[in-house]
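A.B. asks: Any chance you could fold what I've pasted below:
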Amino acid sequence: MLKNYLKIALRNLLKYKVYSFINVLGLAVGMASCILILLYVRDELSYDRHHEHAEQIYRVTREWFNSDGSTSLHLGHVAPPIGPLLKNDFPDILQMARINSGGNPLLRYQDQVFQEERFYFADPNIFEIFTLPLLHGDPKQALADPNSVVLTPAMAKKYFGSAEPLGKVINFNQQVDLKVTGVMQEIPANSHFHFDFLGSLKLPEQIFGEREFKNWSSNNYATYLLFSKNYSTANFLQAIPAFIGRHHPDGEKAIPQTTLHLQRLTDIHLHSQLDSEIEANGNMMYVYIFAAIAVFLLLIACINFMNLATARSANRAREVGLRKVVGAERQQLIKQFLGETVVLAFIALLLAVVFVELALPQFNAFAGKELALRSQSALFIFGSLLGVALFVGIVAGSYPAFFLSHFQPVAVLKGQKIGSTKSRFRSMLVVFQFAISIILIVGMGVVYNQLEYCRTKNLGLNKEHIVVLPVSAGEEIARRYPDMCNQLLQHPHIAGVAASKRVPSGRLLDSSGGRLLDGEKSTPLEFRIANVRVDHNFIPTYGMQMAAGRNFSTAFPTDSTEAFILNETAVKKIGWAAPETAVDKPFEYGNRQGRIIGVVKDFNYESLHQPITPIVMLIAPSSFNTVSVKIRANRPADLAATLDFLKQKWQEYRPDFPFQYSFLDERYERLYQSEHRLGQIFGTFSLLAVFIACLGLFGLASYTAEQRTKEIGIRKVLGASVGNIVLLLSKEFTRLVTVATFVSWPLAYYAMNRWLQEFAYRINLHQQSGTFLLAAALALAIALLTVSFQSIKAALGNPIKALRYE
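C.D. replies: Next comes the predicted model:
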């Protein structure tokens, strides 16, 4: 029986080649798209699950509150004393480990010098919490010594070639020597942190002592806890206020100001978008969006099959009738038709796998992944592929199977007409297909417009042609900065030079308490005000505008120790009526007292996801770690020549450091990397959705023209023109796409409006009517182009042959 069903399925595939091609291609494209997104989604959901104790590991985060209870800051890092104190106070914490960035240190081995971005320090017991296998060395002793370091195989090869890495000595920042005590396996890509080097946290603890490691204000340490199995973290969180009251320097006064939270390790990548993270995380909303796109594409492909199978029902009606006459039951017919569809789905699956292999390199490039069908999870992937094929076969074949099997043999064998060129169900399916296609096109348009808005919005500063150069506080370049600044400004294409601790495009994470002074009265500010530590040239170099007062000036020596500049948002939050009101007001920030000398106009220091926050600027040369150079370049050659000049000067002042730089506008672009990726996903898969839908439309138009062959012949004999015939055959499909347009618009508006809420500054969706109209027009044009091909072909046919048809 099974062999017979398979033989019939293959015979029908070969008999109706065009329809088989359309079905197989549509299903293959839909399945390939689904498989690609399935690989992406699975990778996103797998983050940090490779650790043996993943379900018992939590990260400690810290939140601060304004006086009204609203959140002012929430960090994924906490102060260094918090971890050990928690371990001491809570017996259910089995292990605690902290991770701290080593900055971008200069590492030297013999005559090789490199500046490394992924150097971290960690507590020695980090290997007891995380599954970080050592290929060489003892995990229990690897970081026991302060001057020890563990590195990855790639770094071992980079520094030592094929030589044995254990025991080798690397110089750290021209300060201390570190001995290689272990080589750890490369950290998997699906981890929320990645290290090239891991030094012992005992070294900075030895160097900085209590000044750093007893300080509750230095929130730079990612802190992880390993709890005992089945421990209720609710008990832990209930005890946090009392813990803060016991240990915080301000005692119980600090309880309403700050608190601690726990994040499950496996939740960090997709559910954590805090103000500080070790690396940029994913977003669960995007996983939902991509999964929905995958399902919709698969459904569109299935709908093609349903539509064509039911539309062509008359061609198989006689077969059904004869089978029923000779004793076939309806259940057997259903199995036969479902079997045919499953066979078709498996043929499409083979083609889909080929498509996936061809598309994966490009898909990985824009997704930033290393996805592969041939991987350690091959069994899961193989099972998923079979599941997708079976799902497609059953879903696509279910309605045709039940529809065809219900035919009455008497009616069929009498020659009564079965099936129709018009079907309400088929119409609904076509509407669904094009509604999804239009939603995806609208999504692509809205994402593009929002990104264009982010790129062109006036940020309140000039981000073009600003080169950002990293330095380290205390270096020779920092001490000789005034002299270097003068030398750089002598170049004709350098318009400005400025030094600062941070630069725009980063996060505003530094803050201290601000206070208003009025004689002997001191009133603390009831909101967080971030600080930006700058030099005298920062504001003009970045093209910022003063709203009132003046900029910092070397003509006023006290500006370096007593002057403050606020932004307009800070002035409004304080409650002053106008920027001019703030000028010359006494002000205290941290341990510095002085006066407000000016108010700078608001500017977007952070990405447009974040609202403009209150800012205070102050001069602080000892903390500078970046130099910004404004280049005046009218031609690409000017820019290249200026960069060569900067490199030359940099090598004079930083001879041991490689010349590294970034452009400010590119740094801002990177802030919207995930949105760019979403736009590419929308663009690619909306085109595929339209392609699959049009394949089905082509098949339906072809079948409709075939069913109405005699009608077309009669109309032509009676004088109908080619245009009349094309209009006749196209108007039904035009109506369906029009209905799909009105169904899709409110759904697209709702979905994209939700997405835009991620941005503090965004386009007005009410003003995006052009995007919605363009999406509908594009879908209609493609649909008409598809249908018109068959319509014109039918209209140009010989009416004599048409009248002889049937």
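A.B. asks: pLDDT averaged over stretch 108-123, what's the number?
C.D. replies: Mean per-residue pLDDT for stretch 108-123: 92.
A.B. asks: do the same with stretch 544-555
C.D. replies: The pLDDT scores in stretch 544-555 average 95.
A.B. asks: Pull up the distance across that stretch, start to finish.
C.D. replies: Start-to-end span of stretch 544-555 (C-alpha to C-alpha, to the nearest Å) is 20 Å.
A.B. asks: For the residue most central in space within the chain, give me the pLDDT.
C.D. replies: What sits nearest the mean C-alpha location of the chain, by C-alpha atoms, centre = their mean, is Ser674, with 3.1 Å. Looking at Ser674, its pLDDT reads 86.
A.B. asks: what sits against it?
C.D. replies: Shown in contact with Ser674 (C-beta atoms under 8 Å, 6 or more residues apart in numbering): 280, 282-283, 286. For every residue, glycine as well, the C-beta is placed using N, CA and C.
A.B. asks: And for Lys573?
C.D. replies: 525, 527, 529, 614.
A.B. asks: What about those, which are in helices?
C.D. replies: Per DSSP state H, helices hold no members of those.
A.B. asks: Show me those residues that map onto strands.
C.D. replies: Among these, no member falls in strands (criterion: DSSP state E).
A.B. asks: any idea which of those residues is the one closest to Tyr542?
C.D. replies: Pro614 (18.3 Å; C-beta to C-beta).
A.B. asks: you'd agree that closest one is up against Glu568?
C.D. replies: No - using C-beta atoms under 8 Å, Pro614 is not in contact with Glu568; the gap is 9.4 Å.
A.B. asks: residues contacting Asn753?
C.D. replies: Leu765.
A.B. asks: Which of the helices or strands spans it?
C.D. replies: For Asn753, the element it lies in under DSSP states H and E is helix 722-756.
A.B. asks: Name the residues of that helix that come out as buried.
C.D. replies: Residues of helix 722-756 classed as buried under the neighbour-count rule (16 or more other C-beta atoms under 10 Å) are 725-726, 728-730, 732-733, 736-741, 743-745, 748-749, 751-752, 755-756.
A.B. asks: Reduced to three states, what does Arg374 come out as?
C.D. replies: coil (DSSP: H, G, I helix; E, B strand; the rest coil).
A.B. asks: circling back: could you report the distance from the residue nearest to the centre of the chain to Thr266?
C.D. replies: Counting by C-beta to C-beta, to the nearest Å, the gap from Ser674 to Thr266 is 20 Å.
A.B. asks: what pLDDT does the spatially closest residue to His247 that is not a sequence neighbour get?
C.D. replies: Distances taken as C-beta to C-beta, 6 or more residues apart in numbering put Leu85 closest to His247, at 5.2 Å, once the chain neighbours are dropped. Listed pLDDT for Leu85 reads 96.
A.B. asks: Off-centre distance for the helix or strand containing Ala701?
C.D. replies: In this assignment (DSSP H and E), Ala701 forms part of helix 673-707. Helix 673-707 has its C-alpha centroid displaced from the chain centroid by 24 Å (C-alpha atoms, centre = their mean, to the nearest Å).
A.B. asks: By residue count, what's the longest helix in the protein?
C.D. replies: Assignment by DSSP H gives helix 330-367 as the longest helix of the chain.
A.B. asks: That one: which residues count as buried?
C.D. replies: Buried residues in helix 330-367, counting neighbours by 16+ other C-beta under 10 Å, are found at 333-349, 351-353, 355-356, 360, 363-364, 367.
A.B. asks: Show me what that helix is packed against.
C.D. replies: When contacts are defined as 3 or more C-beta pairs under 8 Å, 6 or more residues apart in numbering; DSSP states H and E, helix 330-367 packs onto helix 2-15, helix 17-45, helix 284-311, helix 313-325, helix 378-405, helix 673-707.
A.B. asks: can you tell which of those helices is closest to Arg479?
C.D. replies: Closest among the helices and strands packed on helix 330-367, once you apply C-beta to C-beta, is helix 673-707, at 36.2 Å.
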